[in-house]
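> got a structure for you, letters missing:
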Ligand SMILES: [Zn+2]
Ligand SMILES: [Zn+2]
């Protein structure tokens with residue numbers, strides 16, 4: 001009966017945890033709380049008895065002998081002669097429950113990360129590691145249980161039966177398990193789940209990706225170019241270079257990289273390359289090639305989420321850019337067909353930019369641990385994020401021709417001026433001779449409707465700003481949420497131009 005009540009108190013207040021942690025303060029606090037509960041009244045006699053007893057034992061464990069003696073006196077005062085009923089201490093009998101299988105496995109994985117358990121090969125290494133794990137401090141409860149188990153298994157494999165017995169006793173003393181019922185062993189599972197060592201090329205690619213993510217585009221490029229020289233049929237360096245070139249507005253180079261990757265033996269890589277190649281064509285306003293590349297991507301497997309999104313976006317673009325020099329009828333028809341096949345227009349989300357596809361690592365996540373969100377390209381399609389487009393008035397030359405009368409001669413008889421009208425070059429009034437105007441189609445280089453989301457991103461995920469290469473005549477920093485793979489506008493400090501009444505801009509006239 002006493003033990004039942006003590007167990008209940010253990011569950012409610014973590015008596016055993018306080019003791020296992022050997023935290024004297026925690027034990028004293030808990031003992032004090034039990035004394036208060038017992039003095040408060042309203043408890044059944046049995047419960048009061050157990051509260052005083054546990055408080056006394058906790059004080060004793062914590063070395064607070066005066067308080068321990070005091071609780072003993074209270075116990076004797078309330079319950080008379082108690083010597084006989086105090087034979088067995090309650091505290092050692094309270095058991096912790098071991099964590100469930102799932103969380104044991106999770107904790108074991110954490111310990112594996114910390115100690116590299118699976119790497120200990122020889123009996124000596126295993127023994128040394130077992131001693132280390134045993135001696136280290138672990139959070140009382142679940143983590144400690146798993147740590148003791150791992151240490152025990154390591155001792156077992158090192159054939160240290162003495163230590164195995166000691167640890168086994170300790171586990172069964174503190175936890176509600178006998179060592180025989182420990183179930184499946186953790187160590188062999190950790191060893192089996194050990195990640196395969198990455199091949200050197202993958203390592204280099206991950207390094208290069210990290211450099212790029214940290215803003216060292218130049219270093220990343222050098223690494224990728226070097227890797228590409230020796231990678232043979234493995235096109236992954238080209239794939240990453242393609243993403244980098246696209247970010248840096250070198251679309252011809254990006255095109256070349258991704259075209260190489262579309263010939264990859266690995267169908268998944270090829271499929272991803274076709275999607276990205278389509279977007280690189282799109283940035284160059286090569287609409288027919290864009291649609292053809294999307295079609296190729298579709299031939300290589302179930303259409304990916306990114307592809308369906310991009311098709312939907314392109315479909316919306318088609319509806320709002322009606323000038324014929326942008327689209328030819330056949331390309332429009334091919335796009336319609338693709339959208340029908342994928343039901344693309346229905347799932348299109350207007351608040352997301354163009355979706356590049358990342359190169360995947362063996363675990364199915366983007367290689368180098370890059371956040372998937374960063375493969376979104378929100379740059380304005382008309383200025384590619386530069387905020388400037390060629391002046392439509394002068395076609396980018398900065399000059400216009402004006403007619404001016406030129407005097408050729410004076411008639412000696414009449415005195416009339418003889419002349420002709422000639423063409424002379426003059427600074428274009430629309431762009432004041434610069435050849436470029438602010439892009440009227442976007443919000444500081446970002447597609448309209450995406451600019452707001454892009455500005456909010458830093459608040460959602462605070463990070464260090466990284467430097468990006470300055471655009472022509474501009475320099476600036478962007479938040480880390482828009483790093484290497486996901487280019488952003490390069491704010492030039494110009495005021496954004498208010499849109500016209502069109503929902504989406506028409507193709508710039510040339
Ligand atoms: Zn623009
Ligand atoms: Zn002009």
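Received the coordinates, thanks. Note that the coordinates shown come from a computational prediction; the quantities given were computed from them, not determined experimentally. Ligands and ions are numbered 1, 2, ... in the order given.

> and the gap between residue 251 and ligand 2?
To ligand 2, residue 251 is 24 Å away according to Cβ to the ion, to the nearest Å. To be clear about C-beta, it is placed using only N, CA and C from the backbone, and glycine gets the same treatment.

> what about that residue, how many neighbours?
18 (other Cβ atoms under 10 Å).

> tell me the contacts of the closest residue to ligand 1 within the stretch 151-300 of the chain?
Per Cβ to the ion, residue 283 is where the stretch 151-300 of the chain lies closest to ligand 1, at 11.9 Å. Counting by Cβ atoms under 8 Å, 6 or more residues apart in numbering, residue 283 touches 246, 251, 381, 384.

> if we go to 7 Å?
251, 384 (Cβ atoms under 7 Å, 6 or more residues apart in numbering).

> state the pLDDT value of it.
Looking at residue 283, its pLDDT stands at 96.

> now do the one 5 residues further on
pLDDT, the model's per-residue confidence, is 95 for residue 288.

> how near is it to residue 332?
Distance of residue 288 to residue 332, given as Cβ to Cβ, to the nearest Å: 10 Å.

> ok but residue 43 is inside a strand, no?
No - secondary structure of residue 43 (DSSP: H, G, I helix; E, B strand; the rest coil): coil, not part of a strand.

> how many neighbours does it have?
Per other Cβ under 10 Å, the neighbour tally for residue 43 reads 15.

> quick one: buried residues of stretch 131-150?
Using 16 or more other Cβ atoms under 10 Å as the test for burial, stretch 131-150 gives 131, 133-134, 138, 140-150.

> same check on stretch 161-180?
Using 16+ other Cβ under 10 Å as the test for burial, stretch 161-180 gives 163-164, 167-168, 170-172, 174-175, 177, 179.

> from the residues you listed, which one has the minimum pLDDT?
By predicted confidence (pLDDT), the lowest-ranked of the buried residues of stretch 161-180 is residue 179, with 71.

> residues contacting it?
Residues in contact with residue 179 (Cβ under 7 Å, 6+ apart) are 168, 171-172.

> could you dump those residues into a markdown table with secondary structure and distance to ligand 2 added?
A markdown table is the format used below for these (DSSP: H, G, I helix; E, B strand; the rest coil; distance: Cβ to the ion, whole Å):
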| residue | secondary structure | distance to ligand 2 |
| --- | --- | --- |
| 168 | helix | 86 |
| 171 | helix | 82 |
| 172 | helix | 86 |
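
> tell me which of these is nearest to residue 360?
Among these, residue 171 lies closest to residue 360 (Cβ to Cβ), at 41.8 Å.

> can you give me the pLDDT of the residue most central in space within the chain?
With distances taken as Cα atoms, centre = their mean, residue 371 lies nearest the centre of the chain, 3.5 Å away. Here the pLDDT value assigned to residue 371 is 89.

> now do the contacts for it.
Applying Cβ under 7 Å, 6+ apart, no residues contact residue 371.

> tell me the phi and psi of it?
phi -60, psi 130 (degrees, to the nearest 10).

> now do residue 115
When quoted as degrees, to the nearest 10, the phi and psi of residue 115 stand at phi -110, psi -10.

> what's the answer for residue 427, then?
Per-residue torsions, residue 427: phi -60, psi 130 (degrees, to the nearest 10).

> residue 405: which element?
In the assignment (DSSP states H and E), residue 405 maps to strand 399-410.

> ok, that strand near ligand 2 or not?
No - Strand 399-410 is not in contact with ligand 2 by Cβ under 5 Å from the ion; minimum separation 7.1 Å.

> what parts of this protein come near ligand 2?
391, 393-394, 428, 430-431.

> give the buried subset of those as a PyMOL selection command.
A single PyMOL command selects the buried members of the residues of the chain next to ligand 2 (16+ other Cβ under 10 Å):
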select buried, resi 391+393+394+428+431
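
> just the residues of the chain next to ligand 2 now: which is nearest ligand 1?
Nearest to ligand 1 among the residues of the chain next to ligand 2 is residue 391, at 13.9 Å by Cβ to the ion.
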